[in-house]
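Colleague: Quick one, what's the 3D model for this:
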Amino acid sequence: MGAFLDEKLVGLAILRPDAYGSGEARFNGAYVLPKFREKRIGSALMNAITREAQRLHQKRMKVYKLALLDHLAPGSLLYLKSGGKIEAECLQLQKTYDHPKNKHSFS
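Modeller: Coordinates of the predicted model:
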C-alpha cells in the first residue's frame, strides 16, 4: 500500500494476509521518506493497513522488528503509536566494517 503526494510515492506499508495461518497477518512494516515525516503520512498508512486487514478478515497482525540495542526504527515507533504491542524483541548487535573508500555500518 502506498502513500502518494503529487503522484510521487512518499511512503509505503506492507501487509501479508494469512502469513501465519488463517486470520493471522504479518505486518512487514511502514516506511515514509525522511523529507515527508512528521506530516501524519505514517499514521494514515497504519490506518489504511488496519482497515485492509479488517476487510480481509484478519484477526491478528504480527510485526517482527529488529532493534540495534536501544534504537527503534521510525516504523517501529509508528506501530507502537498506533496501538501495536511488542510481545518479544530480537536484538541485533551491530558489527562495524571499515572500508578504505568509505565508512558504513553493516548489521
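Colleague: next helix or strand past the longest helix along the chain?
Modeller: Scanning the chain for the helix with the most residues, using DSSP state H, yields helix 41-55. Once helix 41-55 ends, the next helix or strand along the chain (criterion: DSSP states H and E) is strand 60-62.
Colleague: Partner strands of that following strand, with direction?
Modeller: Strand 60-62 sits in its sheet next to strand 24-32 (parallel), going by DSSP bridges.
Colleague: relative to helix 41-55, how tilted is the strand it pairs with?
Modeller: Using axes from the mean of the first three to the mean of the last three C-alpha atoms, to 10 degrees, the direction of strand 24-32 lies 160 degrees away from that of helix 41-55.
Colleague: Might you list the low-confidence residue ranges for this protein?
Modeller: When residues are selected by pLDDT under 70, those of the chain lie in 64-80, 84-107.
Colleague: correct me, but Gly11 touches Gly29?
Modeller: No: the criterion here is C-beta atoms under 8 Å, and Gly11 misses it with Gly29 at 11.0 Å. The C-beta positions use only the backbone N, C-alpha and C, and glycine is treated the same way.
Colleague: picking up where we left off before, which residues are in contact with the longest helix of the chain?
Modeller: 1, 3, 5, 10-13, 15, 17, 25, 27, 30, 32, 61, 74-75, 78-79, 81-82 (C-beta atoms under 8 Å, 6 or more residues apart in numbering).
Colleague: Out of those residues, which end up buried?
Modeller: 3, 10-13, 15, 17, 25, 27, 30, 32, 61, 75, 78-79 (16 or more other C-beta atoms under 10 Å).
Colleague: sorry, back to before: so which of the contacts of helix 41-55 sit within strands?
Modeller: Ala3, Leu5, Val10, Gly11, Leu12, Ala13, Leu15, Ala25, Phe27, Ala30, Val32, Met61 (DSSP state E).
Colleague: now for these, which pair is the farthest apart?
Modeller: Within the ones in strands among the contacts of helix 41-55, two members stand farthest from each other by C-beta to C-beta: Leu5 and Ala25, at 26.7 Å.
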